[in-house]
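[1] Coordinates for the following, if possible.
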Amino acid sequence: MRPRVACGIAAAVALFATACGSSGGNGTGSGGGGGGAGQGSSATVHPAPAGTYPVEVADCAGKETTIAKAPTRIVTSNAASLEMLLRLGVGDRVIGTGFPPGKGTLPAALAEQGAKVPVLGEKGIPKEKLLGSGADLYLDTFGAMPMMGGGATGPSEEEYAAAGIQHVYLLSTACAGTPKAAKAPRTDFAEIENDLRRLGAVTGTGARAEELVAGMEKQVGEVRAALAAVPQEQRPSYFVFDFDAGTKQPVAVCGRQVANAVITQAGARNVFADCDADFKPGSWEDVVAKDPDWIQLAVRNRGSEEATRKAYDDAEAFLKGFPATQGLKAVREGRFVRLGSEVTTIAGVRNADAVRQIAATVHPDLMPGSAKDGQ
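    Reported below is the predicted structural model:
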C-alpha cells in the first residue's frame, strides 16, 4: 500500500502551535536565532539512510507527490510535526521550523535537539523565508486553509516546485476539520500510526517507525485488556476543559478530534463525542447538561513544574468557584484529571501515554498503579 499524507488544518495543532509560538523560543544552539530567508542553505547536509524509493504520498484530495529519495533538508510547520521527526531519528536533517517548541513542550529526551532547530517563524513561516530556506521537503501540519494568517499567504504548489521543495502533509493532524474527514468519531490511533509509517517511508526510517507504532500498540493494548470487562454504558463520562482557550465560552472536543480516541481507549466516554467536528465552541449550559463524571484540566506546559502546577490549580479553582460549574458531579467530588492538552489533543506518540494516565485515574481498581498516575 502506498503511503498517503493529508492536507488541511487541525484545530488541535493550532492550539499547540499557539502555545509554542508564545514561548519565546529562538532556536538556540546550532543555527539558532530568527533565521532569515535562505539561512538553512548553509546548514550541514547529513546523509540519509537507505530506504525503498520512490514513495508516493497524497493529500486529502488525492493529489499525489512522488518522493524519489530520502530528503536531507526538512522544514517543519510547527513543533508537532517536528516531534515526529525527532522521534524517527532525523532531527539532524531538520533545517528549520515554524511555531518553535516552547520550554517544556517537548519531552526531555528530545528537548535539547529540538531547541537547536533554527526558527524560521515564531508563528507561521513567512512565504519568502520558506521558499528561500533551501529545504527539499516541507512537512505541513496546516495545509492551504488560513490559520492565524499563515496558511492564507503560503506558497502555491507551483512556487514550492519552482523552489525545489516537495510539500507533504500529516493526515492525523490535518483533515479532522475538513469536509472530507471521516464522519464517524475517531476511536483509535490508526491515522497517527499511519502517519508515522508514512514519514518513516519518506525519510528512510521505516524500521524506527515500526518500533514507535509497536510501542504505542503495546501500551494501548495493555489498557484495553485491563478494561475489557467494563461495559461501554458503565464507562465514566469525561469532559476536556481547555483552560487556556478561555473560560467565557468552553471549547468542545468533538468526535473527530484525536482526543476522542484517547478518551475512548482510556475507558471513558467523551461527553461531546457526537459533535461532528474536531473542535466546536460550546456553552457552559451544554457542559452542565452533560454533567460529566470526570473533568480533565487540560492546560499547556508552562515551562516549569511549579508554573504548570499553578495553571492546574487555577483551572480547578475556576470550576469550583464558577456558579455554572460548581454544582457539577465531577467538581463536587473532586474528580479531576491533571493532564496536559499537548498529549491529549495533538496527534503523536505521547497519545498512548495519555491513554494510560487517564485510565489509571478513572479506573484505579483495574489499572496497575493508582489514581495519582494521572495527576
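[2] so what's G98 up against?
    With contacts defined as Cβ atoms under 8 Å, 6 or more residues apart in numbering, the neighbours of G98 are A17, T76, S77, N78, V119, L120, G121, E122, K123, G124, I125, G150. For every residue, glycine as well, the C-beta is placed using N, CA and C.
[3] Which positions are bridged to it in the beta structure?
    Using DSSP bridges, the beta-bridge partners of G98 come out as G121.
[4] Against A317, how distant is it?
    Distance of G98 to A317, computed by Cβ to Cβ, to the nearest Å: 34 Å.
[5] Look through every helix and strand of this structure and give the one with the lowest mean pLDDT.
    Here the helix or strand of the chain ranked lowest by mean pLDDT, DSSP states H and E is helix 11-21, holding a mean of 37.
[6] Quick check: next helix or strand after that helix?
    Counting by DSSP states H and E, the next helix or strand C-terminal to helix 11-21 is strand 55-58.
[7] Direction included, what does that following strand pair up with?
    The partner list of strand 55-58 in its sheet, established with DSSP bridges, is strand 64-67 (antiparallel).
[8] Just the CA atoms from the partner strand would do, formatted as PDB, please.
    Once side chains and other backbone atoms are set aside, the C-alpha atoms of strand 64-67 remain, and they are given as PDB (Å, rounded to 0.1, in the frame of the first residue of the first chain):
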ATOM      1  CA  GLU A  64      -0.100  12.500  -5.200                       C
ATOM      2  CA  THR A  65       3.500  13.600  -4.700                       C
ATOM      3  CA  THR A  66       6.400  11.300  -5.600                       C
ATOM      4  CA  ILE A  67       9.400  11.300  -3.200                       C
END
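[9] what sits up against that strand?
    Residues outside strand 64-67 that contact it (Cβ under 8 Å, 6+ apart) are 5, 53-59, 137, 166-168, 202.
[10] Separate out the buried members of those.
    Neighbour counting with 16 or more other Cβ atoms under 10 Å marks V5, V55, V57, A58, D59, L137, Q166, H167, V168, V202 as buried within the contacts of strand 64-67.
[11] wait, isn't the third one in contact with G200?
    No: contact between V57 and G200 fails when scored by Cβ atoms under 8 Å: they sit 11.9 Å apart.
[12] Count residues in the vicinity of P118, would you?
    Neighbouring residues of P118 were enumerated by other Cβ atoms under 10 Å; the total is 25.
[13] Look at G369 and report its pLDDT.
    G369 is assigned a pLDDT of 61 by the prediction.
[14] cool, E64 as well?
    At E64 the predicted local confidence, pLDDT, stands at 88.
[15] can you start the count at 20 instead of 1 from here on
    All right, first residue 20 from here; so that's E83.
[16] and it, how far is that from E210?
    E83 sits 18 Å away from E210 when distances are taken as Cβ to Cβ.
[17] So for these two, which sits in the more crowded spot?
    Summary of the neighbour comparison: E83 and E210, criterion other Cβ under 10 Å, with E210 having more neighbours (21 against 11).
[18] Just list the residues touching the closest residue to P255 other than its chain neighbours, thanks.
    In space, and not counting its chain neighbours, P255 is closest to D312: 3.8 Å by Cβ to Cβ, 6 or more residues apart in numbering. For D312, the contact set (Cβ under 8 Å, 6+ apart) comprises P255, S256, Y257, A287, K348, A349, R354, V381.
[19] Quick check on D312: phi, psi?
    Listed backbone geometry of D312 is phi -70, psi -30, with angles given as degrees, to the nearest 10.
[20] pLDDT wise, what is it at?
    We note a pLDDT of 98 for D312 in this prediction.
[21] Just flag the most distant two among the contacts of strand 83-86.
    Using Cβ to Cβ, the two most remote members of the contacts of strand 83-86 are Y72 and D78, lying 19.4 Å apart.
[22] that older thread, turn the contacts of G117 into TSV, including distance to S360.
    Conversion of the contacts of G117 to TSV gives the following (distance: Cβ to Cβ, whole Å):
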residue	distance to S360
A36	12
T95	20
S96	19
N97	15
V138	22
L139	25
G140	22
E141	20
K142	18
G143	20
I144	23
G169	20
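[23] Give me the contact list for the biggest helix by length in the chain.
    Scanning the chain for the helix with the most residues, using DSSP state H, yields helix 225-245. With Cβ under 8 Å, 6+ apart as the contact definition, helix 225-245 has outside contacts at 70-71, 106-108, 208, 211-212, 215-216, 218-220, 284-286, 368, 370-372, 374-375, 378, 382, 385-387.
[24] where in this protein is pLDDT low?
    20-70, 162-172, 194-202, 388-394 (pLDDT under 70).
[25] That one: strands as residue ranges?
    74-77, 83-86, 93-95, 113-117, 138-140, 156-159, 185-188, 256-260, 270-272, 288-289, 298-300, 313-316, 355-357 (DSSP state E).
[26] could you flag which of the contacts of G117 are buried?
    Burial of the contacts of G117 was assessed by neighbour count (16+ other Cβ under 10 Å); the buried members are A36, T95, S96, N97, V138, L139, G140, E141, K142, G143, I144, G169.
[27] between those residues, which is closest to L358?
    Once Cβ to Cβ is applied, the member of the buried ones among the contacts of G117 that ends up nearest L358 is A36, at 19.5 Å.
[28] Hmm, P255 is touching A287, no?
    Yes: distance between P255 and A287: 5.3 Å, which falls inside the contact criterion (Cβ under 8 Å).
[29] Now the common contact residues for these two.
    Residues touching both P255 and A287 by Cβ under 8 Å, 6+ apart: D312, W313, V381.
[30] Format the residues you listed as a markdown table; extra columns: distance to G173.
    Written out in a markdown table, the entries for the shared contacts of P255 and A287 read as follows (distance: Cβ to Cβ, whole Å):
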| residue | distance to G173 |
| --- | --- |
| D312 | 43 |
| W313 | 39 |
| V381 | 41 |
